[in-house]
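*Asks:* here you go, sequence then predicted model.
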Amino acid sequence: MNALAPFDTVQITEIAEEIFAAMIDGEPGLLGPWLDGPITLVDPLHAWVEMHDVFSGRVVLSTETSTAHELVRGLLGMGPDEAVSEDDLVDAFGEVANVVGGNLKALLPTQGRLTLPQVDRTAPATVGSVRFDGAVLSWRGLPLEISVWSI
């Protein structure tokens, strides 16, 4: 863990595992460490929230757009072949980032402010930011990265 970051890869992973089991999968064990080396996203989708208090940072979830569609289907209880609207994609993937960020914020010594989630195909700017920590995870065999940045 970076000396300035209030949480580490283990905590990020544990929080994500709990959230996915409760919100998306209905059971534990479908989210775990990614063991296949570095990931390269071809058609990425990013969702993020920012924390403002003692620690000012951004929590970013990044995955393939097709994986985000699967996450949305799981979260909304949709069938495997149901079409995901752009509104549902933005709302639901943003909500996952919001819940992950909110749970990480709960680890801070004081409870500051969490922004509304943002969702975009382009990652948020990192100029002037430092990547504190993160986790590359496998959800049902598909890559998902959660990273924490200073802002």
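*Replies:* Looks like it arrived, so ask away.
*Asks:* in this protein, which segments are predicted with low confidence?
*Replies:* Low-confidence regions of the chain, defined here as pLDDT under 70, cover residues 1-5.
*Asks:* the top helix by length along it packs against which elements?
*Replies:* Across the chain, the longest stretch assigned as helix under DSSP state H is helix 86-105. Counting contacts by 3 or more Cβ pairs under 8 Å, 6 or more residues apart in numbering; DSSP states H and E, helix 86-105 packs against helix 9-19, strand 44-52, strand 57-64, helix 65-76, strand 113-114, strand 118-120. Every residue, glycine included, has its C-beta placed from N, CA and C.
*Asks:* partners of the residue nearest to the spatial centre of the chain in the sheet?
*Replies:* Per Cα atoms, centre = their mean, the C-alpha nearest to the average position across the chain is that of Leu61, at 3.1 Å. Beta-bridge pairing of Leu61, defined through DSSP bridges, involves Ala47, Ile146.
*Asks:* tell me how far it lies from Pro109.
*Replies:* 24 Å (Cβ to Cβ, to the nearest Å).
*Asks:* cool, Asn103 as well?
*Replies:* Using Cβ to Cβ, one obtains 15 Å as the distance from Asn103 to Pro109.
*Asks:* good, we can wrap up now.
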